[in-house]
Structure formats: C-alpha cells, structure tokens
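A.B. asks: let's see this in three dimensions:
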Amino acid sequence: MLRLRRAGQLSGHQVPEIILLNSHDGSSSYQMLPGLFRGVCTNGLVCGQSFGEVRVPHKGNVVEKVIEGAYEVLGVFDRVEEKRDAMQSLALPEPARNALANAALKYRFGEDHQPVTVSQLLTPRRREDYSDDLWTVYQRVQENLMKGGLSGRTAQGKSNRTRAVTGINGDVKLNRALWVMAENMLEFFGC
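C.D. replies: Residues are numbered from 1 along each chain as shown. Predicted structure coming up:
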C-alpha cells in the first residue's frame, strides 16, 4: 500500500491522498482509492466506495492507466471534503454515538463477543478529539479499532488488549466499513 499526496500537502491537519494498492504476485489489479490522512494521530482513512475506486489490470500500458486513474481519484477530493465538512457540522447525541461505536465493535469483533466496551471505543486519545461531531466520533472509533491496545476481556474472561489491524486488506476493509457507517449516520440525520 502506498499513500500518495501532493508535494504541497505533505503536512497538515487533514490531507487528501490517493491510496495505491497492488498485489505482489500480479494476480489482481492495481487499485486507487481516495483517502484522508489525519496528521495529529497519523490516522490514514480510506473513503467508502461511494466515491468510487479505480482498478488497473496488470496488462497493456499500465503506467499510463495508473496516471489516468490518479487524476480520476483526484477529481473526487472535493466531494470527499464536502462529506467531511458535513460530518463535522453534525453534532451527534449520545445514543447515536453509542450506536455508531456498537456497530463498529460488532463489525470488527463479531456478534458473539466484543472484548471492549462502547465507551472504550468512544474514549478520545488526545485533547483534539473531545468534540462530539460525527467526524470526530468517527475518528475516535477508527483510531481505537485500528491501533488497538485497549484493555479488554477474552470470551473466557481473561484480561487482554485488543490488537492493532496490521494487514492491508483488513485495514482497507475496516476503514471502508467505518466510512459507510458514518455516511449512513449522516443520511439518518438528513444531512
């Protein structure tokens, strides 16, 4: 996985980026996805499929197709930023925050046993994340699930810590699902 940003946007609070995925054995296409990088916590977010993705097969003029695909992904960044702004403007009531975190927990750990609580998932790791708008809540949930390290209990009752998501496929899959959950919350409130 490569995260590509414009030269003038290498640092910043929230920076749009193109995420380039490739299989090492050439068995699947290159994939280019829109994303956002949040500098304060080094969260790399993958936007949901509502913005589309570009796939380039490993045949023909691959270099030209990858460049064209990058420009196509660049074209959706305005829409990504509009969606982010809408999420930032929506203050979530506590039941909605809990519903989002609960859905994320069930997605990540399954229906039977969640090793941590909703309140742990909603706990901010830094001062900047104490707001209760949809965007910030989404960021907290995403970071706590992706980075792991939360104290919890196994299904057998033993004390343990949640693991970080380290695989590329797991990272992209979880990030996409969380984005869709946040978009659904936005639609639910009519924004």
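A.B. asks: isn't residue 165 up against residue 171?
C.D. replies: Yes. Using C-beta atoms under 8 Å, residue 165 is in contact with residue 171, at 5.4 Å. Every C-beta, even on glycine, is put in place using the N, C-alpha and C of the backbone.
A.B. asks: got any residues that touch both of the two?
C.D. replies: residue 146 (C-beta atoms under 8 Å, 6 or more residues apart in numbering).
A.B. asks: helices of this structure, start to end?
C.D. replies: 62-74, 77-89, 94-109, 118-122, 134-147, 168-188 (DSSP state H).
A.B. asks: centroid-wise, who is the farthest residue in this protein?
C.D. replies: The outermost residue of the chain, judged against the average C-alpha position, is residue 60 (31.8 Å), by C-alpha atoms, centre = their mean.
A.B. asks: still on that earlier bit, now the helices of the chain in CSV, with mean neighbour count?
C.D. replies: Putting those into CSV (neighbours: other C-beta atoms under 10 Å) gives the following:
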stretch, mean neighbour count
helix 62-74, 15
helix 77-89, 15
helix 94-109, 18
helix 118-122, 18
helix 134-147, 23
helix 168-188, 17
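A.B. asks: tabulate these in TSV, adding columns for mean pLDDT and distance to residue 20.
C.D. replies: As requested, these are exported to TSV (pLDDT from 0 to 100; distance: least, C-beta to C-beta, whole Å):
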stretch	mean pLDDT	distance to residue 20
helix 62-74	82	8
helix 77-89	89	15
helix 94-109	97	25
helix 118-122	96	29
helix 134-147	94	19
helix 168-188	91	11
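A.B. asks: can I get the ones you listed in JSON lines including distance to residue 30?
C.D. replies: Compiled in JSON lines, the helices of the chain are given as follows (distance: least, C-beta to C-beta, whole Å):
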{"stretch": "helix 62-74", "distance to residue 30": "6"}
{"stretch": "helix 77-89", "distance to residue 30": "19"}
{"stretch": "helix 94-109", "distance to residue 30": "27"}
{"stretch": "helix 118-122", "distance to residue 30": "33"}
{"stretch": "helix 134-147", "distance to residue 30": "23"}
{"stretch": "helix 168-188", "distance to residue 30": "13"}
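A.B. asks: what's the closest of those helices to residue 14?
C.D. replies: Closest to residue 14 of those is helix 77-89 (C-beta to C-beta; 7.1 Å).
A.B. asks: elements contacting that closest one?
C.D. replies: strand 14-21, strand 30-38, helix 134-147, helix 168-188 (3 or more C-beta pairs under 8 Å, 6 or more residues apart in numbering; DSSP states H and E).
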